[in-house]
Each structure stands twice: as structure tokens, then as C-alpha cells.
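Engineer: what's the 3D shape of this:
(2 chains)
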Protein chains: 2
Amino acid sequence: MPTSRTSPSFPDAEYWDRIEKVRAAMEAENLDAILITDPSNIAWISGYDGWSFYVHQAVLLSHEGEPVWWGRGMDAAGALRTVFMDEDNIFGYADDYVQNPDRHPMEDLARLVEAYGHGEQRIGVEMENYYFSAKAYQTLLKGLPKAELCDATGLVNWQRAVKSDTEIIYMRRAADIVTAMHARIAEMAEPGLPKHKLVAEIYHTGISGVGGHWGDYPAIVPMAPSGLDATAPHLTWDDTPLRTGEATFFEIAGAHRRYHCPQSRTLFLGKPPQKYLDAEAAVEEATEAALELAKPGNRCEDLARAFNETLSRHGFVKDSRVGYSIGLSYPPDWGERTMSLRAGDRTLLQPGMAFHFMPALWLDDGGIETTEPILITEDGCERLCTTPGGLVIKG
Amino acid sequence: MPTSRTSPSFPDAEYWDRIEKVRAAMEAENLDAILITDPSNIAWISGYDGWSFYVHQAVLLSHEGEPVWWGRGMDAAGALRTVFMDEDNIFGYADDYVQNPDRHPMEDLARLVEAYGHGEQRIGVEMENYYFSAKAYQTLLKGLPKAELCDATGLVNWQRAVKSDTEIIYMRRAADIVTAMHARIAEMAEPGLPKHKLVAEIYHTGISGVGGHWGDYPAIVPMAPSGLDATAPHLTWDDTPLRTGEATFFEIAGAHRRYHCPQSRTLFLGKPPQKYLDAEAAVEEATEAALELAKPGNRCEDLARAFNETLSRHGFVKDSRVGYSIGLSYPPDWGERTMSLRAGDRTLLQPGMAFHFMPALWLDDGGIETTEPILITEDGCERLCTTPGGLVIKG
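Structural biologist: This next block holds a predicted model:
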């Protein structure tokens, strides 16, 4: 074992538990090996942590031995500092493979897969992932002509759905952090304050952490649009001052050791129009109805149906999912990309699953986001944050 | 024209100049249309700005008319707020395409491409991009059986290499921001300060901006490893306190309106060992030698050769590229993924090109990064930042 790991997030035994789950899923799909390219999956199975996913990297896992880390030569040093595996299972490729149209790193990975004896086997690849490009797939196909490459998108992600005790501890710390971030917004916000000044405070609070627990970077930056910009869900910020008579929503997350707890609140400076108060009341009632059903034995779609039925009785309509699974993540998404709270997702809820219940409403002249990160318990669900509900009304 | 664009970064005319360049490049490749999926390229050609690249989105550009924005339904509202094109050229897909293994958004894009009359034409796609997955390519191939999909990776990126006057203004603002960030580090750093507390200050300074110009989020978070962790280039931070006798490098960027200026400096608390002083002196001398050659008419590889020759005379070796092109960017990379300063890159330097000259040295017991963002001028190059050179030695 390397002696260089100074602050591992998990004991080795937890990684082996995870590997066991993944191997069972591979068995069910009749896979001899998988190539894991999603940075969240790489971190979850090996402990690897670094902002190096802008170049190609992967973990090779078969049914025997340790996972094998593969990446850019200079990042092998980062692997040595963070993964639980032995140095013998860390491989770096030469730097002239990086962003070079004449060569592709997957040529090197194909040789490694071959060397490990998987050249003629069934190998899972994550076809639908940010970090497995069309060109990566083509190159791998060419480099492994006798292998059978199968789509294993989500295979590892699904094993992450139920959190361990340690993972839940980290998510609770992230929850405390995002609670503090929203408290800071409520404290600072006032007419005339340029948006970026407020965002600087949000970052400062989030990274400073809470209760002696440090803040990690969230996989998404703060989204904080005001007024008509808030008709759109994913705009970030500029230096426009906060204005009286305008709503601003803050979709932000706390993070600790790569575990996330996202939460949104909506600020209104001045007296909100009746439509906003009505919409907020409808969202609150519909959220209560949905979270009533958030317990083991019910399904993801049950929450969406309860929410949408209640909301529509109040004359509002939401045409997008009302939440998704959360946990360990790397940019560009803090969701786990498995469960969605929407019609058709019949996944059974289990204790230890965590969701961002995200019933945002985008109206024709602004947006309202009042959301709740939740943990499924033995007989119901628990709200992870203590942020007060409803609109934040000031000034 | 939509009336909703409150704070465009560029006049429409600049987008049309860019489109003209891209169309000339398409002509040279005999392409009838391209599907742009790199968020940096999407922003550069259309003005679109939002953290929505975690779902599939694209801009379709042919030889006639405006670019066409396509993305998730809810993000069409964000397009309306940010792009220069008319509302008629904005298309959103239904929410149940999002992260749903049973459907893929590219099915919808294929129909749009068909509707625009490109179903049997030659269409460029960015095969090597984070946001064009293997599955996206497969789905598009299936949805457009009579089209010829060609690799157009880098086609748009290369048109971005020479910056406009307005782009240079934004990069200078980003340079002022990163200069202020490094000044804040030099001011705050002391033995015992937990790393995340310093990173919180770095963020606060970066987003607060300088000289009345707001800070945007950089495409990479601060990398700030100490001691042995600094043998690796891409580790981020935790709560370990800064220690006397240890080096920490800070690879960070200022950003303004998505334009980046990255710069790294290395902090040493206490008296640095002679090896670090020798290495730093060698890097400085080699940097001078390289930047002497940073002028129009010379080639990217000339800088790398001059750097490496000088460095090796001092007994140090660097086996990775010494820099790359910078400008507009979105996560996970603030480089432009075109020019690299390394052997074999024979691109001719031109006025208006910008690089992160990045001669980092990773030693066996730590790392040194003293880097310079530069702008190629008519007859040489200009350092964009005023950060003092050399190691930052304190306490």
C-alpha cells in the first residue's frame, strides 16, 4: 500500500464494498471488465480526486484484483496521492497524447486493456458521459478490434444510489454549509447590491465551511438570475445591482469531500406581487404532498404525480422533472444521473437514497425556486437543511 | 431582434465577423453545415451563456442565415436572454429527453437538422469534445442515415485564436483580477492558515473583481497543493494548515465575461532549500529565453525548444508542454485546445494570439509553478499580469 495518502475520505474496506457491488452488476450484464470514465464514478471506486478530467483518464475494473488507474503521466502523481490502490496499478500516458489531433490517449488505453488480458473480452464503456467522447470511442474500437465494447452507462452510478453512513455524514456537512450560504444571502441582500458582490460572499461562506468542516467546490457554480433572467433556469451572474420589485433565485450547493447538498431559495426585494405569493403557496403545498410519499416502497414517479396534481389544482403547471438523485459529483453536474422524479421513473425508494427535490417554477416574468435536499429514511424522509421555507422577502 | 438582451458582451457585428471566418473554414472542408457542441464555441458564435452544458445542446450553422440554437426546453429561455439571433432560431426539446436511458436528445436534433434541409448533406461534428458523447454520435448517425457526418473538431476553436480588440479588453480585465488574487495570497498566507480559508479569500477576490469589473467563474477551480501533494499538478484543496518549510503552488485564473487569464505562483513559507531556488532561477532564465521568441513569424515549438534547452543546461527536465492558447472558456478547461507550446506544433504566432506560458516543474518532493499569460503583439509579446516574478517567500 502507498504511504502517501494523508487524508483519505474512506477506509479501504468501503472501496472494496463498492467494488463488490459493481462486480455483481457486471456479472449481471455478463461483462468481463469495465472502463470507468465518469470522474464521479472514478472517485467513488478508487478515491481519485483531482481536476484532471479535462484530459482522458479511466479506471479499468475486472473481476479480479484492484482497480487500475490510467491517466495523463503528470496526473499519475495525483493518483498516487489519492487512490487506495497500489502504485503498480497506476499508469500514466505520455504528454504528447494531450489535445493532439495526430494521436489519441485511447490508443494507449487500448494497449493497457490488451496487456491486462481483456483484448478479446466483453468490456463495458460509459457511452453517455461527458468524458467519453465520440472520438474516444472510435479510437478504442480501432485499438481493440477483437473486444466487444458494450454500453455500461449508469452501471456504476446506480451502485451509488444508497449512501453509506460515512457518505451521509459528508452530505450532512454539505447541508450545513448550504444552509449557511442561504443565511448569508438573506443577511446581505439589499437593493443596489451588485450581484457579483453577493456571489463573492456566497463563495466565501461555502468554501470557509461550517462547524469545522471545510467547503469543497460544488460541481455547478451559483446560478443567481434576477427578474426576466430568472425565466431561465441556468444563468449565472454579472454586476447588475439587486432591485426592489424583483425576484432573484439562488440555486447553490454546499460541498464537502466532493459530496453535495444543493438547495435553492428565492429572494424578493419589496412587496411580492400576489402571483408570486400564490405560486409560492402552491409550491409549498405541493411539496408537502410529495414529500409525504417520500418513503421506502414508493416510487420516484409517485412524488412527481403528487406534486403535479396538487400544483395543477392551484392553476400552475410544471413540465420538467421535480428532482434527481444527489451525492458525490464532479462538474458539470451535481446530480447522479440515475433517478429522476418524473412520470415513468418507477425506481423504488430505499433508505439511504438522497434527492434534490427541485420543484422550480419558471413563470413568464420570473422564476421561483424553493427546493429541499432529502434523505430517504426507514419510514419516510428527512430534510437535510434547516433553511426556512418560503420566499425570502426583504426591504 | 429580441429586446431582452440586457448586457451583451459583443455587438452583433462581431458575431457576424466570427460567422464569416467559420464559414470560410467550413468551405475549405467542404462542409454544408456544422453542429457546434463545445460550450465555448457555442458562446463565441452565438453569445449563449448559461450553465446548461450538463445536458445536450448545440448550435447548427450552415452557409445561410443566422446560427440556430438548440437545447433543453427550459434553457431556450436562457438562449432568448443571451443569444444575438432571432427567437425563430431558438429550439427547445422536451424535458423527458433529459438523462433518460430510453430516449436521447440527439433524436430531436436529427429531426431539426432534417427540417433545415441538411438531412443528406455533409455535416461537421466535434468528435473530440466533452459535450459530444459516444452515445450522442451514435444517435445522430442513426437519426441522419443519409447525411455524411465528418469530424470538425477544432474547426471553430481555431477561428478563436486571434483575439478582437474587445476580447483583449476582457482578457486584460481578467489579468487584473488574477493579479489581485495573487496579491491577496501573498498578503494572507502564513503558517497555520488552513488551506480552505485561503481558497475562500481567493474566490472572494476573484469574483469581487477589480477596477469596477466583475469577476466571472473560471473554467477550472483553484489548484493549490502543498508539499508532496504538489508533486501532482491537479489536486485542489482541503483544510490542512500551511506549514513552514513547505511549498504550495496556486494555479488560478481571473475571469471576466467568460474570458480567462490564468497565472500560477509558488509560495514558500520559511527558507527555501537551495534546490527550489536553483529550480526557480532556471525556470526564470528559461522563460526569458522562450518569451524572447514569442513574436509573429516564430512558431509555437520555437518557444518550447528555447525553454527546454535553457532549462536542461541547468540540470532540470520538463517532459510536458510549456503552454497553450487561452481565451473564452467553459469548464472543464480554460485552454482553447488548439495550439500547444511543444515540439511538433508548428503554428505561426500572430498578433492577437494569447497563451498561458506554463513552465511548471514537478520535482520529486514538490512543485514549482511560475507562469505568465502573454499576448502576442506586432513585434513581440506582452505579459498580461503585473504579478511579481519568482517564488513568494514568507515567514
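
Engineer: who touches the closest residue to chain B within the stretch 151-300 of chain A in this structure?
Structural biologist: When scored by CB to the nearest CB, the stretch 151-300 of chain A has A:A232 as its residue closest to chain B, at 3.5 Å. For the C-beta atoms, the positions are set from N, CA and C on the backbone; glycine is no exception. In this structure, A:A232 makes contact with A:225, A:362, A:367, B:50, B:74-75, B:77-78, B:80-81, judged by CB atoms under 8 Å, 6 or more residues apart in numbering or on different chains.

Engineer: try A:A200
Structural biologist: Each residue near A:A200 by CB under 8 Å, 6+ apart is listed here: B:203-208, B:215.

Engineer: mind listing what's buried in the helix or strand A:E14 falls within?
Structural biologist: Per DSSP states H and E: A:E14 is located in helix A:12-28. For helix A:12-28, the neighbour count (16 or more other CB atoms under 10 Å in any protein chain shown) marks A:14-15, A:18-19, A:22-23, A:25-26 as buried.

Engineer: and the furthest pair within the residues you listed?
Structural biologist: Pairwise distances across those peak at 18.9 Å for A:E14 and A:M26 (criterion: CB to CB).

Engineer: which intervals of chain A have sub-threshold pLDDT?
Structural biologist: Within chain A, the segments meeting pLDDT under 70 span A:1-6.

Engineer: the stretch 51-200 of chain A: strands as residue ranges?
Structural biologist: A:58-62, A:68-72, A:90-93, A:122-125, A:148-151 (DSSP state E, counting those that start in this stretch).

Engineer: helix or strand right after the helix holding A:E14?
Structural biologist: Defined by DSSP H and E, the subsequent element after helix A:12-28 is strand A:33-36.

Engineer: now do the contacts for the spatially most central residue of chain A.
Structural biologist: In chain A, the C-alpha nearest the mean C-alpha coordinate belongs to A:W334, at 2.2 Å (CA atoms, centre = their mean). Listed by CB under 8 Å, 6+ apart, the contact set of A:W334 reads A:218-220, A:253, A:260, A:262, A:326, A:356.

Engineer: repeat the analysis, applying 6 Å as the threshold.
Structural biologist: Contacts of A:W334 were listed using CB atoms under 6 Å, 6 or more residues apart in numbering or on different chains, and they are A:219-220, A:253, A:260, A:262.

Engineer: same question for A:E285.
Structural biologist: A:T310.

Engineer: and the helix or strand where it lies, how far from the chain's centre?
Structural biologist: Secondary structure from DSSP H and E places A:E285 in helix A:274-292. Helix A:274-292 sits 25 Å away from the centroid of its parent chain (CA atoms, centre = their mean, to the nearest Å).

Engineer: now that helix: buried residues?
Structural biologist: Neighbour-count burial for helix A:274-292 flags A:276, A:279-280, A:282-284, A:286-287, A:289-291 (criterion: 16+ other CB under 10 Å).

Engineer: now swap in stretch A:295-307 and tell me
Structural biologist: Buried, per 16+ other CB under 10 Å, within stretch A:295-307: A:295-296, A:298-307.

Engineer: okay if I get those residues as CSV plus distance to B:A43 and secondary structure?
Structural biologist: Listed next are the buried residues of stretch A:295-307 as CSV, based on distance: CB to CB, whole Å; DSSP: H, G, I helix; E, B strand; the rest coil:
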residue, distance to B:A43, secondary structure
A:K295, 43, coil
A:P296, 44, coil
A:N298, 41, coil
A:R299, 39, strand
A:C300, 34, helix
A:E301, 36, helix
A:D302, 39, helix
A:L303, 35, helix
A:A304, 33, helix
A:R305, 38, helix
A:A306, 39, helix
A:F307, 34, helix
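
Engineer: break chain A into its domains for me.
Structural biologist: Domain assignment for chain A by automatic domain parsing gives A:12-159, A:165-394.

Engineer: that older thread, put the alpha carbons of the helix holding A:E285 into PDB.
Structural biologist: Output of helix A:274-292 as PDB, limited to C-alpha atoms (Å, rounded to 0.1, in the frame of the first residue of the first chain):
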ATOM      1  CA  GLN A 274     -49.900  38.300  -5.500                       C
ATOM      2  CA  LYS A 275     -49.000  35.900  -8.300                       C
ATOM      3  CA  TYR A 276     -45.600  35.200  -6.700                       C
ATOM      4  CA  LEU A 277     -47.200  34.600  -3.300                       C
ATOM      5  CA  ASP A 278     -49.800  32.300  -4.900                       C
ATOM      6  CA  ALA A 279     -47.200  30.400  -6.800                       C
ATOM      7  CA  GLU A 280     -45.000  30.000  -3.700                       C
ATOM      8  CA  ALA A 281     -48.000  28.800  -1.600                       C
ATOM      9  CA  ALA A 282     -48.900  26.300  -4.300                       C
ATOM     10  CA  VAL A 283     -45.300  25.000  -4.500                       C
ATOM     11  CA  GLU A 284     -45.200  24.700  -0.700                       C
ATOM     12  CA  GLU A 285     -48.400  22.700  -0.500                       C
ATOM     13  CA  ALA A 286     -47.400  20.500  -3.500                       C
ATOM     14  CA  THR A 287     -44.000  19.900  -1.900                       C
ATOM     15  CA  GLU A 288     -45.700  18.700   1.300                       C
ATOM     16  CA  ALA A 289     -47.900  16.400  -0.600                       C
ATOM     17  CA  ALA A 290     -44.900  15.000  -2.500                       C
ATOM     18  CA  LEU A 291     -42.600  14.500   0.500                       C
ATOM     19  CA  GLU A 292     -45.500  12.700   2.300                       C
END
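
Engineer: gap between the closest residue to A:V162 other than its chain neighbours and A:A76?
Structural biologist: Leaving aside its chain neighbours, A:V162 sits nearest to A:G352 (4.0 Å; criterion: CB to CB, 6 or more residues apart in numbering or on different chains). With the distance defined as CB to CB, to the nearest Å, A:G352 ends up 34 Å from A:A76.

Engineer: looking at the two now, which is surrounded by more residues?
Structural biologist: A side-by-side neighbour count of A:G352 and A:A76, using other CB atoms under 10 Å in any protein chain shown, places A:A76 first with 20 against 17.

Engineer: state the distance from that one to A:R337.
Structural biologist: From A:A76 to A:R337 the distance is 27 Å (CB to CB).

Engineer: which ones are touching A:I177?
Structural biologist: Residues near A:I177 by CB under 6 Å, 6+ apart: A:206, A:209-210, A:215, A:254.

Engineer: let's see 7 Å
Structural biologist: A:I177 makes contact with A:206, A:209-210, A:215, A:254, A:256, according to CB atoms under 7 Å, 6 or more residues apart in numbering or on different chains.

Engineer: may I ask which of those has the most neighbours?
Structural biologist: The most neighbours of any of the contacts of A:I177, using other CB under 10 Å, belong to A:G254, which has 33 neighbours.

Engineer: that one bridge partners, please.
Structural biologist: Beta bridges link A:G254 to A:C261 when assigned by DSSP bridges.

Engineer: now do the helices in the stretch 201-350 of chain A.
Structural biologist: A:274-292, A:300-313 (DSSP state H, counting those that start in this stretch).

Engineer: show the contacting residues for the closest residue to A:M74 other than its chain neighbours.
Structural biologist: Distances taken as CB to CB, 6+ apart put B:P233 closest to A:M74, at 5.1 Å, once the chain neighbours are dropped. Neighbour list for B:P233: A:74-75, B:360, B:362, B:367 [criterion: CB under 7 Å, 6+ apart].
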